[in-house]
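A.B. asks: Build the 3D model from these lines:
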Amino acid sequence: MELFTTDKLLGSENWARWKWMAEGLLMEKENAYEVCSGDIVKPEPVPEDATTEARKKYDRDLASFNKGNRAARGIFSRTLDSRICDLVSMCKTAREIWVKLHELFEQRNKQAQYACQLQFSSFIRDPANSMAMHIASLERLVSRMTDLDIKPNDFVIMSKLLETLSRDFEPLKMSWCARPEEQQTLVISEDFEADLQVNDEQFLKKSDQHFFLKSLCLQKRKSTRKAEDGSFWGIK
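C.D. replies: Now for the predicted structure:
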């Protein structure tokens, strides 16, 4: 029995991620992706006076289509939320389902991408939020961007975070910018904290700054978009 662990399609909010995963599942099955893309279509019935060779070709083409169509529809039935299933319930073939899903969510996804990019570019810190809440807010925003197939690199994300910090964090900003490019990742080595202590012994005395540094310095493992424990920043 095959296990389908792909997140179910809920709507435009996870359309880009679901589509990428669904394409992978379809490509694993013979003819499934080709049926959805329209490269393999259901053949037209041959006339009664068709030649034996024409009938054999029709049977082969129909078998290829049916095999891919069944596999693709099976994948869709397992990876579509019940509400999405209702929207495509009138579709007869996997190709019709695939086209309908694109009509429903592709344009919405582009609009959502635009809105999310605007939100990222204008992201600032709410003065009422603690540093923990501020980092969590940016983490959620970047997670939504990833779901929409927007993938800012580590440098862009960290630059945005530093940009939102107050003047009290100038030593951190200066130290960060002075580091080699290969060390400007979301997971910072512990010596970064030592650098800051040398530059400004008073820097760690404020609770927000202390939390910020500890959040970034706890882990030494290589930076990834999402850590194994599910934490975006690679911290527990």
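A.B. asks: ok now stretch 44-56, how far from the chain's centre?
C.D. replies: 47 Å (C-alpha atoms, centre = their mean, to the nearest Å).
A.B. asks: Can you get me the start-to-end distance on it?
C.D. replies: 13 Å (C-alpha to C-alpha, to the nearest Å).
A.B. asks: Give me the local confidence score for residue 171.
C.D. replies: Note on residue 171: pLDDT of 77.
A.B. asks: just residue 14 next, same as before
C.D. replies: Note on residue 14: pLDDT of 86.
A.B. asks: Burial check on residue 120, number of neighbours?
C.D. replies: 18 (other C-beta atoms under 10 Å). From N, CA and C alone the C-beta is placed, and that goes for glycine too.
A.B. asks: pretty sure it is touching residue 152, no?
C.D. replies: Yes: with contact defined as C-beta atoms under 8 Å, residue 120 counts as touching residue 152 (7.3 Å).
A.B. asks: buried residues in whichever strand or helix holds residue 114?
C.D. replies: Assigned by DSSP states H and E, residue 114 belongs to helix 94-121. Residues of helix 94-121 classed as buried: 94-95, 97-99, 101, 104-105, 109, 112-113, 116, 120 (neighbour count, 16 or more other C-beta atoms under 10 Å).
A.B. asks: If you count contacts, what does that helix end up packed against?
C.D. replies: Applying 3 or more C-beta pairs under 8 Å, 6 or more residues apart in numbering; DSSP states H and E, one finds that helix 94-121 makes contact with helix 15-28, helix 32-37, helix 52-79, helix 82-87, helix 131-147.
A.B. asks: Next secondary structure after the last one?
C.D. replies: Sequence-wise, the next helix or strand downstream of helix 131-147 (DSSP H and E) is helix 154-163.
A.B. asks: what comes up buried for the helix or strand just after that following helix?
C.D. replies: Following helix 154-163 in sequence order, the next helix or strand is helix 170-178 (DSSP H and E). Neighbour counts over helix 170-178 (16+ other C-beta under 10 Å) mark 171, 172, 175, 176 as buried.
A.B. asks: for those residues, which one is nearest residue 72?
C.D. replies: For these, the closest approach to residue 72 (C-beta to C-beta) belongs to residue 176, at 48.0 Å.
A.B. asks: returning to what we had before: find residues that contact each of residue 120 and residue 152.
C.D. replies: Contact criterion C-beta atoms under 8 Å, 6 or more residues apart in numbering; residues shared by residue 120 and residue 152: 142, 145, 160.
A.B. asks: If any of these are buried, give me the ChimeraX selection for them.
C.D. replies: Restricted to buried positions by 16+ other C-beta under 10 Å, the ChimeraX selection for the shared contacts of residue 120 and residue 152 reads:
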select :142,145,160
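A.B. asks: Between the shared contacts of residue 120 and residue 152, which has the least confident prediction?
C.D. replies: The minimum pLDDT among the shared contacts of residue 120 and residue 152 falls on residue 145, with 84.
A.B. asks: residues contacting it?
C.D. replies: Here residue 145 is in contact with 116, 117, 120, 151, 152 (criterion: C-beta under 8 Å, 6+ apart).
A.B. asks: now residue 46
C.D. replies: The neighbourhood of residue 46, defined by C-beta under 8 Å, 6+ apart, consists of 54, 55, 58.
A.B. asks: next one: residue 119
C.D. replies: Residue 119 neighbours (C-beta under 8 Å, 6+ apart): residue 141.
A.B. asks: Which pLDDT value goes with it?
C.D. replies: 88.
A.B. asks: Quickly note the distance from it to residue 155.
C.D. replies: Distance of residue 119 to residue 155, computed by C-beta to C-beta, to the nearest Å: 19 Å.
A.B. asks: and if you look at residue 21?
C.D. replies: In terms of C-beta to C-beta, residue 21 sits 27 Å off from residue 155.
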